[in-house]
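> I need the structure of the sequence given here:
(chains A and B)
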There are 2 protein chains.
Amino acid sequence: MTAAQAATASAPIPVLAVVGVGLIGGSFAAALRRAGHVGQVLGVGRNGPSLQRARELGLIDEAVDAAQAAARADMIMLTAPVGSFGAILADMRDHLKPGAIVTDGGSTKAQVVQAARAALGPRAGCFVPGHPIAGGEKVGPDAADAGLYTGRNVILTPLPENRAEDVARVRAAWQACGARVMEMDADVHDQVLASVSHMPHFLAAVYVAQVARSADSAQRLAVAGSGFRDFTRIAAGSAEMWRDIFLSNRSAMMAELGQVRAVLDEAERALAAQDGAALEQLLEEAARCRRDWKAGH
Amino acid sequence: MTAAQAATASAPIPVLAVVGVGLIGGSFAAALRRAGHVGQVLGVGRNGPSLQRARELGLIDEAVDAAQAAARADMIMLTAPVGSFGAILADMRDHLKPGAIVTDGGSTKAQVVQAARAALGPRAGCFVPGHPIAGGEKVGPDAADAGLYTGRNVILTPLPENRAEDVARVRAAWQACGARVMEMDADVHDQVLASVSHMPHFLAAVYVAQVARSADSAQRLAVAGSGFRDFTRIAAGSAEMWRDIFLSNRSAMMAELGQVRAVLDEAERALAAQDGAALEQLLEEAARCRRDWKAGH
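Residues are numbered from 1 along each chain as shown, chains lettered A, B, ... in the order given. From the prediction side, this is the model:
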C-alpha cells in the first residue's frame, strides 16, 4: 500500500465522487480535501474541458462516468442541475457500491426526493438530501473555493428510510467544510427557500430582463450604481440551473409570487394615490426587517 | 487675518453649507476637506444630536440655521429628503449671499427643479441641480466617507438660466471628490434613474415587506443567505428619503412599473406552463446583460 493509498483508506470518506464539478461541487471537494476528510475525489460531468480544468485545479483526481463513480465512491455528491438528477441516479443504480451514500446540493428538495425514489427504487434509502445555503454568481470549477461553506447553513431533509449513520456521515462532511447543519422537512424547506432564495433570483432576473429590453438600456446601464449592482448580482447566475430550480419548486414559487404581487399592488396603489404615509409605512416595515436581519447575522 | 481664515479665503469654496449632514452630505464635505477644496463647513439640519455628531466627526465646523447658511455660504449643498427642498429654499431666498451657488444631491431632478423655481423665483438661476450616483444603506453622519464618490458618476442637469461658471464650479467640486461628472436633461435623468436606481429600491422593499409579513418570517430569515443579503441590502435605506424619491418621480416610476409587470407576467406564465425553454431564455437574457454590465464596470 502506498502512502497515498493509506491516506485514502484512513480518511472519513475514502473515495468521494462529485457530479457537476462547479462552484458548489468543486467547493465541497476543496473544503473536504483541506480538512483531510476525503481520500480520492472522482469527478463526473458532461463537459470535458470543465472536468479537465477541475483536474488541473486539483479539485478532482480523476474524471469518470456515472457508473464508474457509483462503483467506486463511498459518498456521491450530486451538484448538477436538479432536473438531471433522475437520469444520473438511474445510470448509477445498478452499480452502487454497497454502503455508498448519495447526497446532493440541490436547491429544492421535494421533487429531488421524488426523482431519487423513482430512480433508485428500493435503494432510495442511501439518498440523503441536502442543500447548502451558499453560492455566488460565478460558475464552473474556477469558482470553487475551499472556504465557501465556512459559517454557512446547510439544510438536510432526511428520508424516513435513511440510516441514522448515513445522515450522520453527511452531517459530518458538511461540518468538516465549516458549515452549520440543520434538518427540516422537505416541503417546509421548499416553501422557505422559495421565499428567501428562489424569489430574489426570479425577481432580479425579471428586473434585469426588463432593463435589457429597454430601448435606452445602454444609457441606463451607464449610470447604474452600487444599488443596481447588489440588487442584480444574482441575476448573473446560471440560467440552466435556475430554470431547473424554478420548475422543480413551481408550486411553492407560484404561491409566493401571489403574495409578492399583493404587496406590489399595495405599494403601487400608494404611489399612484400619492399616499406618502402608506408608502413610508411599507418602506419602514421593510427597512426595519432588513436592519434586524443584518443585526442578527 | 488668522491662518485658518487665510486658508478659508483661498479655498475654491471658502464657505460651504451642507443641509442634511448624513451619508451624502457628510461624505461631500469630508471629500472636499480632504482635497483642500473647502474652507469652512456649516451644517444645517432638523436633528440636533445628529448635527452635534457631525461636529464631533469634523464633518462640519458649525451648526447654523437655513437663513444663516444662506447669508454666509459660497456654495450650499442640499442633501435633505427632496420633499423638503421647497421649504428650505424658501427660508434661504431672502438671505442668499450675492454670487452664492445652491446645488443638491437629490435622486430626482424634474420636481426638484420645479420646487427650486417656485421657491427662488427670479433667483432660481443660482440653483445647479445635481445627483451623485452613490449611496449605501447606512444613514447619518457616522456613515460619511471621504472616499464615497471616488470613481462614481455624478449627473448635473443644469437650468437654461444657470451661469456657465456656476455649473463649472459645481462640476469642479465633484471632481475634487473624485467623481466623474456628466450632464443630462432633467426628464431623461428621472426616467433613467427610475429604472436603475428607484425601481430596485421599490422592488426590494416590496419583497422584504412580503417576507416580514409572512407567518413564518423568523424561519425564513434564519436560512436566508448571501443572495438574500445582496438583493435586499438597499431595502434597509431611509424610508423617509425613499418615500420622497418615489413620490417626486411618480410618473416615471409608474411607467417603469408597467414595464416590469409585463416581464413579470411573462416569467410567471412560463413558470405556470412549465415552459422551461421560455424561462431559460428570459434568465439567459438577464444573465448576459448582468455579466456584460459587470465586465464594463
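> Quick one: the strands in the stretch 151-297 of chain A, in order.
A:153-156, A:180-183 (DSSP state E, counting those that start in this stretch).
> right, so of those strands, which gets closest to chain B?
Closest to chain B of the strands of the stretch 151-297 of chain A is strand A:153-156 (CB to the nearest CB; 5.6 Å). The C-beta positions use only the backbone N, C-alpha and C, and glycine is treated the same way.
> helices and strands around that closest one, which ones?
strand A:130-132, helix A:164-176, strand A:180-183, helix B:217-223 (3 or more CB pairs under 8 Å, 6 or more residues apart in numbering or on different chains; DSSP states H and E).
> looking at those, which is buried most?
The highest mean neighbour count among the helices and strands packed on strand A:153-156, using mean count of other CB atoms under 10 Å in any protein chain shown, belongs to strand A:130-132: a mean of 26.
> So what's the gap between whichever helix in chain A runs longest and the chain middle?
For chain A, the helix that runs over the most residues, judged by DSSP state H, is helix A:250-272. Computed by CA atoms, centre = their mean, to the nearest Å, the chain-centroid distance of helix A:250-272 equals 26 Å.
> That helix: which residues count as buried?
Residues of helix A:250-272 classed as buried by neighbour count (16 or more other CB atoms under 10 Å in any protein chain shown): A:250, A:252-253, A:256-257, A:260-261, A:263-264, A:266-268, A:270-271.
> Among the residues you listed, which one sits closest to residue B:107?
Nearest to residue B:107 among these is residue A:271, at 15.1 Å by CB to CB.
> Could you pull up the mean pLDDT of stretch A:50-65?
For stretch A:50-65, mean pLDDT is 97.
> Name the residues that touch that stretch?
A:17-18, A:21-22, A:26, A:29-30, A:33, A:40-45, A:48, A:72, A:91, A:140-142, A:144 (CB atoms under 8 Å, 6 or more residues apart in numbering or on different chains).
> let's go with 10 Å and repeat that
A:4, A:8, A:15-18, A:20-22, A:25-30, A:33, A:39-45, A:47-48, A:68-73, A:91-92, A:95, A:139-142, A:144, A:146 (CB atoms under 10 Å, 6 or more residues apart in numbering or on different chains).
> Low-confidence bits of chain A, can you list those?
A:1-7, A:137, A:296-297 (pLDDT under 70).
> per-domain residue ranges of it.
A:13-184, A:189-292 (the TED database).
> Same list, the contacts of stretch A:50-65, but only the ones touching chain B.
residue A:139 (CB under 10 Å from any CB of the partner chain).
> before we move on, the earlier item: minimum distance to residue B:223: which of the strands of the stretch 151-297 of chain A has it?
strand A:153-156 (5.6 Å).
> Give the buried residues for the closest one.
For strand A:153-156, by 16+ other CB under 10 Å, it's A:153-156.
> and if you look at stretch A:85-95?
A:85-86, A:88-89, A:91-93.
> tell me which of those is nearest to residue A:230?
Nearest member of those to residue A:230, counting by CB to CB, is residue A:85, at 31.5 Å.
> Run through the neighbouring helices and strands of the longest helix of chain A.
helix A:110-120, helix A:186-193, helix A:199-213, helix A:239-248, helix A:276-296, helix B:199-213, helix B:239-248, helix B:250-272 (3 or more CB pairs under 10 Å, 6 or more residues apart in numbering or on different chains; DSSP states H and E).
> Make TSV out of these and add distance to residue A:232.
TSV is the format used below for these (distance: least, CB to CB, whole Å):
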stretch	distance to residue A:232
helix A:110-120	27
helix A:186-193	20
helix A:199-213	5
helix A:239-248	14
helix A:276-296	17
helix B:199-213	7
helix B:239-248	18
helix B:250-272	13
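> Can you tell me which of those helices is nearest to residue A:231?
Closest among those, using CB to CB: helix B:199-213, at 4.0 Å.
> what about the closest one, distance to the chain center?
20 Å.
> Identify the residue of the stretch 1-150 of chain A closest to chain B, quick one.
Closest point on the stretch 1-150 of chain A to chain B, by CB to the nearest CB, is residue A:133, at 4.0 Å.
> Let me see the contact set for that residue.
Here residue A:133 is in contact with A:107, A:149, A:152-155, A:179-180, A:182, A:193, A:196-197, B:222-228 (CB under 10 Å, 6+ apart).
> ok, now with 6 Å
Contacts for residue A:133 (CB atoms under 6 Å, 6 or more residues apart in numbering or on different chains) come out as A:152-153, B:223, B:225.
> The nearest residue to it once chain neighbours are set aside: how many residues sit nearby?
Excluding its sequence neighbours, the residue lying closest to residue A:133 (CB to CB, 6 or more residues apart in numbering or on different chains) is residue B:225, at 4.0 Å. Using other CB atoms under 10 Å in any protein chain shown, residue B:225 is surrounded by 18 other residues.
> can you pull out the helices in the stretch 1-150 of chain A?
In the stretch 1-150 of chain A, the helices defined using DSSP state H, counting those that start in this stretch lie at A:3-10, A:23-34, A:48-56, A:66-72, A:85-92, A:110-120.
> Any figure for the gap between the nearest residue to residue A:109 once chain neighbours are set aside and chain B?
Closest residue in space to residue A:109, ignoring its immediate chain neighbours: residue A:186 at 4.0 Å, by CB to CB, 6+ apart. Using CB to the nearest CB, to the nearest Å, residue A:186 is found at 14 Å from chain B.
> isn't residue A:186 right next to residue A:157, touching?
Yes - taking contacts as CB atoms under 6 Å, residue A:186 lies within contact range of residue A:157: 4.1 Å.
> list the residues that contact both of these two?
Common neighbours of residue A:186 and residue A:157 (CB under 6 Å, 6+ apart) are residue A:109.
> now, which of the buried residues of stretch A:85-95 sits nearest residue A:287?
residue A:85 (39.5 Å).
> and the nearest residue to residue A:185 once chain neighbours are set aside, how far is that from residue A:112?
Leaving aside its chain neighbours, residue A:185 sits nearest to residue A:157 (6.5 Å; criterion: CB to CB, 6+ apart). Using CB to CB, to the nearest Å, residue A:157 is found at 9 Å from residue A:112.
> same check, this time on residue A:243
15 Å.
> likewise residue A:106?
In terms of CB to CB, residue A:106 sits 5 Å off from residue A:112.
> swap in residue A:21?
Residue A:21 is 19 Å from residue A:112, by CB to CB.
> If you count surrounding residues, which of these two has more?
residue A:21 (32 against 27).
> pretty sure the more buried one contacts residue A:43?
Yes - here residue A:21 reaches residue A:43: they are 4.5 Å apart, a contact under CB under 6 Å.
> Determine the number of other residues adjacent to residue A:244.
Residue A:244: 24 neighbours (other CB under 10 Å).
> residues touching it, list them.
With CB under 6 Å, 6+ apart, residue A:244 has these contacts: A:81-83.
> ok, of those residues, which one's closest to residue B:171?
For those, the nearest to residue B:171 is residue A:81 (50.2 Å; CB to CB).
> rewinding a little: please render the contacts of residue A:244 as TSV that adds neighbour count and distance to residue A:204 to the earlier fields.
Converted to TSV, the contacts of residue A:244 look like this (neighbours: other CB atoms under 10 Å in any protein chain shown; distance: CB to CB, whole Å):
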residue	neighbour count	distance to residue A:204
A:81	19	19
A:82	24	19
A:83	19	21
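> so can I have CSV of those residues showing distance to residue A:283?
Converted to CSV, the contacts of residue A:244 look like this (distance: CB to CB, whole Å):
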residue, distance to residue A:283
A:81, 37
A:82, 36
A:83, 38
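> List, out of those residues, those positioned next to chain B.
Here nothing survives when these are matched to chain B using CB under 6 Å from any CB of the partner chain.
> Save the helices and strands packed on strand A:153-156 as CSV, and put in distance to residue A:124 too.
Formatted as CSV, those follow (distance: least, CB to CB, whole Å):
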stretch, distance to residue A:124
strand A:130-132, 15
helix A:164-176, 12
strand A:180-183, 18
helix B:217-223, 25
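> how many neighbours does the closest residue to residue A:238 other than its chain neighbours have?
Spatial nearest neighbour of residue A:238, chain neighbours left out: residue A:139 (5.1 Å); criterion: CB to CB, 6+ apart. A count of nearby residues for residue A:139, using other CB under 10 Å, gives 18.
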